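Undergrad: Structure of the sequence below:
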Amino acid sequence: MDQADVIILGGGLVGCSLGLALAAHGITTIIVDPADPAVTLAASFDGRASAIASASHRMLDAIGVGALLAGKGCPIESIRVSDGLAPGALDFAPAEADGALGTMYENRLLRLALHQAATAHPAIDLRMRTRAVTVDRDSTGVRMTLESGAEIAAPLMIAAEGRNSPTRTAAGIKIAHWQYHHNAIITAFDHARPHDNCAFEIFYPAGPFAILPLLPVDGRNRSALVWTVSERDAPGMLKLGDRGFLAEAEKRMGGFLGPLSNLAPRSTYPLGFHHAAQITAERLALVGDAAHGIHPIAGQGLNLGFRDVATLTEVLVDGKRLGMDLGDPQLLARYERWRGLDTLMVAMATDTLNRLFGVPGKAASAVRRFGLSAVQAIPPLKARFMAEARGESGDLPKLLQGEMV
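TA: Numbering: from 1, shown residues only. Below you'll find the model as predicted:
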């Protein structure tokens, strides 16, 4: 039977990041994931891009992944928020000395860097294209049989399997969840005018229309798009010809980036909210979307997962230094306390923001524009929003400050 300090179920962005963060502190992991890297790392697999907050990036730098991403992301140097195309937008532009608010990366490039780093690290045993068929979790530890027939064991199991985590379900952990009855349409396009490293979030009653800066491709200006539409409109938006889709997008943007062209393949997924009633159980911890799933309105979903990684790493490293069993209930309780309130507050804030901007009518729009103008005019309030965007609010674990534990 193969032994490790921790077993991680799920080798995606959050699972691999956690394995690398633990390995950087001498904690061994076995990462188990049924996906085939030949598929998930292919250029055509997933057109999504993610905004990595500056605090999250400090963690990636600290655990050695930042060097693999050098030059592959587009800095977000400002954010512009508006209620439709009405005047009264809110601009977030930090002082130059404070650095970018975050960096936009294609998810594929993030996956590739994390996979390469995990494969190369001697403290990580990465087992792809297999899954757990039996799991025994009790007061003595966790034992698991994989599809491959291999048997593995560890004092602690971590579920990083995404929204529909089978481990969370098997543990009987209840979740609060609801659907928004909206879909996000994901794509990218070229545009005539430069984006100047600015992310744009335009709110319409159907949901946010977010244009996110990407690095130029062969000298062409390029941005990613996350367009929220009613679930009944999503199939039609996917069937539209490229020219028709770009014309609709240009109309929503008011043409401020000039003519659009070279549309990337489109994909869509339904938007929903879920929040686990607890994120730990006996010798089990949940991270990332297994613990919480939020509306993409503020682009914080993956960053919340990275906060889980940084927090759980600090808790486990502290426990190891004290000679504790890594599955000790005291350690898991500390992780639960540290992350529980933060994730709930962010989740409810994004849910409230989505509902607020979704109220139709001129009166509601006038109130929203007044609110945006008020934030624009009050520097301390604006600074607070920028701290949230950077992922620098609350009780920050050391990795998010760029320090090893």
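Undergrad: for the chain, what are the low-confidence residue spans?
TA: Scanning the chain with the threshold set as pLDDT under 70 gives 45-46, 95-98, 297-299, 344-345, 347-389, 393.
Undergrad: hmm, 90 instead?
TA: Scanning the chain for pLDDT under 90 picks out 40-48, 79, 81-101, 176-182, 201, 203-208, 271-275, 293-301, 340-395.
Undergrad: which stretches of it form helices?
TA: With helices called from DSSP state H, the chain shows them at 13-23, 37-40, 54-62, 66-69, 107-120, 166-170, 234-239, 242-253, 301-321, 329-357, 362-377, 379-390.
Undergrad: Can you mark which positions in the fourth one are buried?
TA: The reference is to helix 66-69. 66, 68-69 (16 or more other CB atoms under 10 Å). Backbone N, C-alpha and C define where each C-beta goes, glycine included.
Undergrad: helices and strands around that helix, which ones?
TA: Secondary-structure packing of helix 66-69 (3 or more CB pairs under 8 Å, 6 or more residues apart in numbering; DSSP states H and E): helix 54-62, helix 107-120.
Undergrad: got it, and the second one?
TA: The helices and strands touching helix 37-40, judged by 3+ CB pairs under 8 Å, 6+ apart, number zero.
Undergrad: okay, it in CSV with CA atoms only?
TA: Backbone C-alpha positions of helix 37-40 (Å, rounded to 0.1, in the frame of the first residue of the first chain) are rendered in CSV as follows:
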residue,chain,number,x,y,z
PRO,A,37,-4.1,15.2,-19.6
ALA,A,38,-3.9,14.7,-23.4
VAL,A,39,-7.5,16.1,-23.5
THR,A,40,-7.5,18.7,-20.7
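Undergrad: can you give me how far that helix is from the chain middle?
TA: Between the centre of helix 37-40 and the centre of its chain there are 20 Å (CA atoms, centre = their mean, to the nearest Å).
Undergrad: Flag every buried residue along that helix.
TA: In helix 37-40, counting by 16+ other CB under 10 Å, buried: 37, 40.
Undergrad: Ok, stretch 278-295 next?
TA: Applying 16+ other CB under 10 Å to stretch 278-295 flags 278-281, 283-295 as buried.
Undergrad: same thing with stretch 86-95?
TA: 89-90, 92, 94.
Undergrad: So which of those residues belong to strands?
TA: The strands, defined by DSSP state E, take in 90, 92 from these.
Undergrad: Could you identify the most distant pair in the buried residues of stretch 86-95?
TA: Largest separation among these by CB to CB: Ala89 and Pro94, giving 16.7 Å.
Undergrad: you'd agree Ile76 is up against Gly99?
TA: No. Under the criterion of CB atoms under 8 Å, Ile76 is not in contact with Gly99, lying 10.4 Å apart.
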